[in-house]
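In: Predicted model, plus sequence, below.
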Amino acid sequence: MDTHDTSKKAENLASGDFDEQALYFHRYPRPGKLEIQATKPLGNQRDLALAYSPGVAAPCLAIRDNPEAAAYYTSRANLVAVISNGSAVLGLGNIGPLASKPVMEGKAVLFKKFAGIDVFDIEIAAPTVDEMVNTVSALEPTFGGINLEDIKAPECFDVERRLREKMEIPVFHDDQHGTAIIVAAAILNGLELAGKKIEEVKIVASGAGAAALACLNLLVILGAKRENIWVHDIEGLVYKDRNVLMDEWKSVYAQDSDKRVLAESIPGADVFLGLSAAGVLKPELLAQMAEKPLIMALANPTPEIMPDLARAARPDAMICTGRSDFPNQVNNVLCFPYIFRGALDCGAKTINEEMKMAAVRAIAALAREEPSDVAARAYTGETPVFGPNYLIPSPFDPRLILRIAPAVAKAAADSGVALRPITDFDAYMDELNRFVFRSGFVMKPIFAAAKIAERKRVVFSEGEDERVLRAAQVLLEEGTAVPILIGRPSVIETRLKRYGLKIRPNTDFAVINPEDDPRFREYVELYFSLVGRAGVIPEAARTIVRTNTTVIGALALKRGEADALICGLEGRYERHLRIVRQVIGKRPDVRDFSALSLLISQRGATFYTDTYVTFNPTAEEIAESTWLAAEEIKRFGIEPRAALVSHSNFGSRESESATKMREALALVRKAAPDLEVDGEMHGDSAISESLRRHVMPDSALSGEANLLVFPNLDAANITLGVVKTMTDGLHVGPILLGTALPAHILSPSVTSRGVVNMAALAVVEASQIA
Ligand SMILES: NC(=O)C1=CN([C@@H]2O[C@H](COP(=O)(O)OP(=O)(O)OC[C@H]3O[C@@H](n4cnc5c(N)ncnc54)[C@H](OP(=O)(O)O)[C@@H]3O)[C@@H](O)[C@H]2O)C=CC1
Ligand SMILES: CC(=O)C(=O)O
Ligand SMILES: [Mg+2]
């Protein structure tokens, strides 16, 4: 595969395995990381007439008469172009626009995931400044903002300046300003911890390109002294009268010195700022840095020095990299989604210094905030506390959007560049809060809690299945769970090799071999003791234990050899359910099992119950599945708001099922008095508060229900399937509730990612039982 060549060239990117996984990730289930979705239904003739001819003429003419109306009738106000000519892609160099596309698609995904901003990634064959400026400026009618990416210095400076002059929308070179903002926040916090003043510190920079120079310029605005800044590029120190590879932007930092190389400048440095290339900073140089040095080795994908080497050389150092796999990730992803969110939401014409400073202050302050519950869940391991290993927030901190976007929007309004200033900041915060819960952050608390829940063992009945093998690798790599796979070791081994997975049976994870396990006799005895009086004779028990891997998994769980069971990737749900009933049984305080499904879509996260277990539940069973579901939803850090849905709206019908739901409501209220719940109500009343209030002004349910409780399995299961397909939602589940020990029966259509999600959830359940 020719794509290997490029990735192999990225020195030390990671092991070859990781490259393989990255290629697989990008290729399947469909190539790339993006697609476009329609936001309006085109279900009938009328829709078509409205969306296209003749209806579309009305917004066209409205925009002709008032260009600002484009913000109301098109997606422009939430649409950003991520544009590159591929001339300085990460630290990979001038690899050209086509090869830069994975990075630009990646930036687009980050904009969407972290801030809900739509992006077209645009890679242009425009090597000169003039070509860049002409091409990009011609795109102004399409976009609400331009994010320039990975364009080499010094050309990038002219490109950005000229575009900012020509265009009436924000133009932001992310590698310059996104990086500068987050670097400045980390340096302010690092210096505070070291007890140093920015006006006095010596800063040694490796790299004199887009990122490094923009960072230094911002640090100067914050008080750093030019004479204390020593800049190096591929030629060594930037000094007065140097005439090789110089330009007007670098010259600003030229030192009047006869020093020439990094080794000569580094003694006494308080800050090393690396925005250059892999391995440039040698560990032996660190001994000469000042006390409590701040080492920012930010080249991607491989930093100027690896953190373990830096730590060994200078235990007192504060160390940052641009990568996700070490603490203190100083990466512009902490900035660009949110600065654009704030800018777009107030219709900013530009991103000015005031807005950038507001972002710096918001990020720096967030790291110092008391850790909230939500933040604690957003992190793996311990709750972060401001300190050398936590100078800046993690990219997954959901508070980033809540702090940066409003600060930026306010700064835009105060500095007079907002066309649509935000007038009601409380309402704006509500909107941002809703976004946080709508986005992919839903699973984050589960993974964080699973990581803290040390070494929980999850047994997988279908241990030979490719999806389980891939999931096992992820679980092990991320420290989420200790997998135990049921399957033939030779088959597992062959398949792992075939799929290019590096984990190995009996070294990285345990295997239960159904054909030959020393515990077989004990398993049969236990199984027979459980089912002997349910018509299973000893011989049949032996055969079942030999051949049925769900039985084996359930027995391993029952015997305490595992903490949770995942099964159901093959075969029918009821078959697995019967085994879980027989072997694991119910929690003592419940009548029966029920199944909860989480559906995550662009619209948000909604739970549905009972989607798989009881065909026609009684009022008591519905009440029980409601409070069990509410209990489970809290594990996600979400406050449940339950609607008992029906064909009847608050007593509008007197049918048997409407009466049943009313009875169930009374029972839930008794069993879970603190739960926000109401019913029986129509599905649309459950979702729309205004519809609900119209018929029931004092409904006990506020906002949009996030738990829909159905009168029967048909309704629940059909709704789940339809909504999932229509919204292209991600189904997490079914989550089996009411079992004595965590056991989940997945569906044959589950993906490997779905297996990982459910294993993480099972780990959290197991840790909360313990
Ligand atoms: N963590 C983060 O958020 C970010 C990290 N980066 C990383 O910073 C690096 C630079 O990016 P960017 O500024 O956009 O790129 P540029 O091409 O604009 O600048 C690269 C700079 O690094 C210098 N350089 C290259 N190799 C060496 C070397 N061996 N020793 C000293 N200097 C060297 C170049 O010198 P010369 O011009 O003389 O060749 C140039 O000054 C990349 O690795 C990128 O991934 C960038 C943005 C954000
Ligand atoms: C993070 C980033 O933008 C870069 O490395 O180029
Ligand atoms: Mg970049």
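Out: That came through fine. Ligands and ions are numbered 1, 2, ... in the order given.

In: Please make it C-alpha for all contacts and neighbour counts, starting now.
Out: OK.

In: Output the set of residues of this structure in proximity to ligand 2.
Out: Within the chain, the positions near ligand 2 by CA under 6 Å from any ligand atom are 89-90, 150, 175, 300, 331-332.

In: swap the cut-off to 5 Å and go again
Out: Contact residues (CA under 5 Å from any ligand atom) of the chain with ligand 2: 90, 300.

In: Give me the domain ranges for the chain.
Out: What automatic domain parsing lists as the domains of the chain is 1-31, 32-36+51-169, 177-331, 335-438, 448-584, 594-736.

In: Now do the helices in the stretch 401-550 of the chain.
Out: 425-438, 444-452, 466-478, 489-498, 520-531, 538-547, 549-558 (DSSP state H, counting those that start in this stretch).

In: Buried residues, the fifth one. List them.
Out: Taking 16 or more other CA atoms under 10 Å as the neighbour-count basis, helix 520-531 is seen to contain the buried residues 520, 523-524, 526-528, 531.

In: what do you get for the fourth one?
Out: Neighbour counts using 16+ other CA under 10 Å place 489, 492-493, 495-496 of helix 489-498 among the buried residues.

In: How about the third one?
Out: Buried residues in helix 466-478, counting neighbours by 16+ other CA under 10 Å, are found at 466-476.

In: what two of these are the furthest from one another?
Out: Pairwise distances across the buried residues of helix 466-478 peak at 15.4 Å for E466 and L476 (criterion: CA to CA).

In: from this protein, which residue is nearest to ligand 2?
Out: Closest to ligand 2 within the chain is L90: 3.7 Å, counting by CA to the nearest ligand atom.

In: Spatially nearest residue to that residue (excluding sequence neighbours)?
Out: Distance criterion CA to CA, 6 or more residues apart in numbering; nearest residue to L90, sequence neighbours excluded, is N300 at 5.6 Å.

In: re the thing from before, just the buried residues of helix 466-478 that are near ligand 3?
Out: Among those, no residue is within reach of ligand 3 (CA under 5 Å from the ion).

In: For Y52, state which of the residues you listed is nearest.
Out: If you rank the buried residues of helix 466-478 by distance to Y52 using CA to CA, R467 comes first, at 42.9 Å.

In: quick one on the thing from earlier: between the buried residues of helix 489-498, which sits nearest G145?
Out: Ranked by distance to G145 (CA to CA), these are led by L496 at 45.3 Å.

In: contacting residues around that closest one?
Out: Neighbouring residues of L496 by CA atoms under 8 Å, 6 or more residues apart in numbering: 469, 502-504.

In: what separates it from E464, distance-wise?
Out: Using CA to CA, to the nearest Å, L496 is found at 9 Å from E464.

In: Repeat that for T423.
Out: Distance from T423 to E464, by CA to CA: 58 Å.

In: So between these two, which is more surrounded?
Out: Of the pair T423 and E464, E464 is the one with more neighbours under other CA atoms under 10 Å, namely 21 against 11.

In: Hmm, E493 and that one touching each other?
Out: No: E464 is beyond contact range of E493, at 9.1 Å (criterion: CA atoms under 8 Å).

In: for the record, mean pLDDT for stretch 195-208?
Out: Average pLDDT, stretch 195-208: 98.

In: follow-up on the earlier one: so which one among the contacts of L496 has the lowest pLDDT?
Out: Among the contacts of L496, K502 carries the weakest pLDDT, at 81.

In: Run through the residues that contact it.
Out: For K502, the contact set (CA under 8 Å, 6+ apart) comprises 17, 473, 496.

In: Just the closest of the residues you listed to L222, please.
Out: Lowest distance from L222 to those (CA to CA) belongs to D17, with 43.1 Å.

In: ok now the lengthiest helix in the chain, how far from the chain's centre?
Out: Counting by DSSP state H, the longest helix found in the chain is helix 752-769. Offset of helix 752-769 from its chain centre (CA atoms, centre = their mean, to the nearest Å): 17 Å.

In: Tell me which residues of it come out buried.
Out: Buried residues in helix 752-769 (16+ other CA under 10 Å): 752-767.

In: neighbours around the closest residue to ligand 1 within the stretch 601-750 of the chain, how many?
Out: In the stretch 601-750 of the chain, the residue that lies nearest ligand 1 is Q602 (27.4 Å; CA to the nearest ligand atom). Number of residues near Q602 (other CA under 10 Å) recorded here: 15.

In: what do you get for the one 5 residues further on?
Out: Applying other CA under 10 Å, we find 26 residues neighbouring F607.

In: So it belongs to a strand, correct?
Out: Yes: under DSSP: H, G, I helix; E, B strand; the rest coil, F607 falls within a strand.

In: residue contacts, the one residue in the stretch 1-150 of the chain that gets nearest to ligand 3?
Out: For the stretch 1-150 of the chain and ligand 3, the shortest gap (CA to the ion) falls at D150, measuring 4.5 Å. Shown in contact with D150 (CA under 8 Å, 6+ apart): 84-90, 175.

In: quick one: which of the residues you listed has the most company?
Out: Using other CA under 10 Å as the neighbour test, the contacts of D150 are led by S84, with 31 neighbours.

In: how about stretch 305-313, does it reach ligand 1?
Out: No: on the criterion CA under 5 Å from any ligand atom, stretch 305-313 is out of touch with ligand 1, staying 11.9 Å away.

In: Give the buried residues for that stretch.
Out: Buried-residue list, stretch 305-313, by 16+ other CA under 10 Å: 305-307, 310-311, 313.

In: Quick one, which of the contacts of D150 has the minimum pLDDT?
Out: Ranking those by pLDDT, L90 lands last with 91.

In: surely that residue meets T302?
Out: No: L90 is beyond contact range of T302, at 9.7 Å (criterion: CA under 8 Å).

In: What strand or helix carries I319?
Out: Per DSSP states H and E, I319 falls inside strand 318-321.

In: Contacts for that strand, please.
Out: Residues outside strand 318-321 that contact it (CA under 8 Å, 6+ apart): 190, 292-299, 303, 307, 310-311, 326-331, 388-389.

In: filter the residues you listed to the buried ones?
Out: Neighbour-count burial (16+ other CA under 10 Å) is assigned, among those, to 190, 292-299, 303, 307, 310-311, 327-331, 388-389.

In: Mark which of these are part of helices, please.
Out: 190, 307, 310-311.

In: correct me, but F607 touches L707?
Out: Yes: counting by CA under 8 Å, F607 does reach L707; the two are 4.6 Å apart.

In: With pLDDT as extra columns, can I get the contacts of K502 in CSV?
Out: What follows is the contacts of K502, written out as CSV (pLDDT from 0 to 100):
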residue, pLDDT
D17, 76
Q473, 89
L496, 88
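
In: Sounds good, over and out.
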